[in-house]
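Student: Take this sequence and fold it.
(one chain, ligands or ions: 1)
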Amino acid sequence: MACFLNCVRFDVSKRITDKPTSKGESLTVSGVTCYSWDDVEALTSNFSRLIGSGGYSSIYMARSSTTSGGSDKAALKVHVSSHRLYKIFRVELDILLRLHHPNIVKLLGYFDDSEENGALLLEYLPQGNLQEKLHSNSKQVLPWRNRIAIAFQLLQAIEHIHDKISPQIVHGDIKSSNILLDKNLNCKLCDFGSAKVGFSSMVQPSTMLPRSRQVTMVGSPGYTDPHYLRTGIASKKMDMYGFGVVVLELVSGKEAFSAERGEMLVHIAAPLINESLDSSVDIAGESVRQFLDPRLSRDSVDIDEVKTMLNVAALCISSPPSLRPSAALVAETLKQNIPSLSFLGCGKGV
Ligand SMILES: Nc1ncnc2c1ncn2[C@@H]1O[C@H](COP(=O)(O)OP(=O)(O)OP(=O)(O)O)[C@@H](O)[C@H]1O
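Tutor: Sure thing, here's the model as predicted:
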């Protein structure tokens, strides 16, 4: 979910005392199980291991089932207990119940008290999120081939929600911390709490509301489409803007927004983006090399592949949104210009 919200951690034990739930029998429909709160406690061994936290939730290590045989790892996302945030939980639950795609995080079960408390049991992604992978000080550098595979798989997930299901879904918060990685570094898009379903996605961003009605959520710094902030129109092209920023992160290894320097990656990349959009010039190899993540060994990177990635990022970030390409078109462009994608098992589609 968009992250200008203050990071909220909450006291699980207090919440349980406040809202006791009766022991219920779990019900499984289409492989997704509805759990009681007692089950949730058992699945997480009483919330013993926190593995992540976001703007409105905490994520705990869990088991995939309460039965003794179900010992696969899972992740339990517990939403902050609040009537307002319960709606965000319902949006995410309703959407995940409909989504089945190899590059979208899989819902295994949920808890829902129908008032203000909810939790999602998700497949566990052991390599964490892309933001940590790219920007932590770890000596393990994400190889170039995995970066292009992740970009391509993210496109597959976006194309699925935009064009392959009905009603369509706009994710609304594409960013590197919402991209989880499995043990083979495959991409799994998560966090559908900001998503909009169908064509009813014309919403007013909070900055445009009268002060009395403002909430603190106005988008994730560095990723939010300026057109959305200006007009309040959320569309598929807003997701393509977020995708473009993620590609710039993959190429440069820089954060979308540096709080330290107060600097946005789209601004650092602006000269390259303009060069790329100028159809009369090919981006200069030297500027590309300067922008490229210095931790990547130059021998492992094909500079033409980097140019292709920068070209698609430029098209996705350029305004107006009507000129931005669809996820399907960008995927096709990557397939045509980066033949190694097929060796990574990425070119076949799903
Ligand atoms: N299924 C999972 N497996 C492993 N880690 C996970 C999983 N789901 C979430 N996480 C971790 O928890 C973090 C927060 O998750 P998520 O983005 O869903 O929460 P959120 O409250 O919606 O966050 P925000 O609104 O700030 O984006 C992720 O970036 C990731 O590090």
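Student: Spit out the contact partners of Ala314.
Tutor: By Cβ atoms under 8 Å, 6 or more residues apart in numbering, the contact list for Ala314 reads Gly244, Leu272, Ile273, Ser276, Leu277. For every residue, glycine as well, the C-beta is placed using N, CA and C.
Student: can you check Leu27 too?
Tutor: Neighbouring residues of Leu27 by Cβ under 8 Å, 6+ apart: Thr33, Cys34.
Student: Let's see that with 10 Å instead.
Tutor: Residues near Leu27 by Cβ atoms under 10 Å, 6 or more residues apart in numbering: Thr33, Cys34, Tyr35, Ser36, Gly109.
Student: Ok, Ser177 next?
Tutor: 3, 52, 54, 128-132, 135, 190-191, 220, 223, 256.
Student: change it to 6 Å
Tutor: Listed by Cβ atoms under 6 Å, 6 or more residues apart in numbering, the contact set of Ser177 reads Asn129, Gln131.
Student: Begin at 25 from now on, thanks
Tutor: New numbering, starting at 25: the last item is Ser201.
Student: Quick check: it vs Leu320, distance?
Tutor: 21 Å (Cβ to Cβ, to the nearest Å).
Student: same thing with Ile362?
Tutor: For Ile362, the distance to Leu320 equals 16 Å [Cβ to Cβ].
Student: More neighbours: the two, which one.
Tutor: Ile362 (23 against 18; other Cβ atoms under 10 Å).
Student: In contact with the more buried one, which residues?
Tutor: Neighbours of Ile362 in contact, by Cβ under 6 Å, 6+ apart: Ile172, Glu329, Thr332.
Student: now Thr57, what's its secondary structure?
Tutor: Of the three states, Thr57 takes strand according to DSSP: H, G, I helix; E, B strand; the rest coil.
Student: I figured Tyr134 was touching Leu144, is that so?
Tutor: Yes - if you go by Cβ atoms under 6 Å, Tyr134 and Leu144 touch, sitting 5.2 Å apart.
Student: More neighbours: these two, which one.
Tutor: Applying other Cβ under 10 Å to Tyr134 and Leu144 shows that Leu144 carries more neighbours, namely 27 against 22.
Student: what about the more buried one, distance to Ile75?
Tutor: 14 Å.
Student: what's the burial count for Pro345?
Tutor: 18.
Student: same question, Arg285
Tutor: 9.
Student: Could you confirm whether the helix or strand containing Gln155 reaches the ligand?
Tutor: Using DSSP states H and E, Gln155 maps to helix 154-159. No - using Cβ under 6 Å from any ligand atom, helix 154-159 stays clear of the ligand, with a minimum separation of 6.6 Å.
Student: Now the element after that helix, going C-ward?
Tutor: Following helix 154-159 in sequence, per DSSP H and E, is helix 168-183.
Student: elements contacting that next one?
Tutor: Counting contacts by 3 or more Cβ pairs under 6 Å, 6 or more residues apart in numbering; DSSP states H and E, helix 168-183 packs against strand 211-213, helix 260-276, helix 351-361.
Student: go with 10 Å
Tutor: Packing partners of helix 168-183 (3 or more Cβ pairs under 10 Å, 6 or more residues apart in numbering; DSSP states H and E): helix 154-159, strand 203-205, strand 211-213, helix 260-276, helix 327-341, helix 351-361, helix 364-367.
Student: what does the stretch 125-274 of the chain have sitting close to the ligand?
Tutor: Residues of the stretch 125-274 of the chain lying close to the ligand (Cβ under 6 Å from any ligand atom) are 129, 146-149, 152-153, 201-202, 204, 214-215, 217.
Student: circling back: pull up the overlap in contacts between Tyr134 and Leu144.
Tutor: Joint contacts of Tyr134 and Leu144 (Cβ under 10 Å, 6+ apart) are Val56, Leu100, Lys101, Phe113, Glu116, Leu117, Leu120.
Student: Neighbour count for the residues you listed - can I get that in CSV?
Tutor: Output for the shared contacts of Tyr134 and Leu144, formatted as CSV (neighbours: other Cβ atoms under 10 Å):
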residue, neighbour count
Val56, 17
Leu100, 26
Lys101, 26
Phe113, 26
Glu116, 24
Leu117, 20
Leu120, 21
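Student: near the ligand too, which of those?
Tutor: Among the shared contacts of Tyr134 and Leu144, the ligand is touched by Lys101 when using Cβ under 6 Å from any ligand atom.
Student: Using a markdown table, please lay out the shared contacts of Tyr134 and Leu144 together with secondary structure and pLDDT.
Tutor: Shown next, in a markdown table, are the shared contacts of Tyr134 and Leu144 (DSSP: H, G, I helix; E, B strand; the rest coil; pLDDT from 0 to 100):
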| residue | secondary structure | pLDDT |
| --- | --- | --- |
| Val56 | strand | 92 |
| Leu100 | strand | 97 |
| Lys101 | strand | 97 |
| Phe113 | helix | 94 |
| Glu116 | helix | 95 |
| Leu117 | helix | 96 |
| Leu120 | helix | 97 |
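Student: related to what we said a few turns ago, reformat the helices and strands packed on helix 168-183 as CSV; add distance to Gln192 and mean pLDDT.
Tutor: CSV is the format used below for those (distance: least, Cβ to Cβ, whole Å; pLDDT from 0 to 100):
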stretch, distance to Gln192, mean pLDDT
helix 154-159, 24, 95
strand 203-205, 20, 98
strand 211-213, 15, 98
helix 260-276, 7, 97
helix 327-341, 18, 95
helix 351-361, 11, 96
helix 364-367, 25, 77
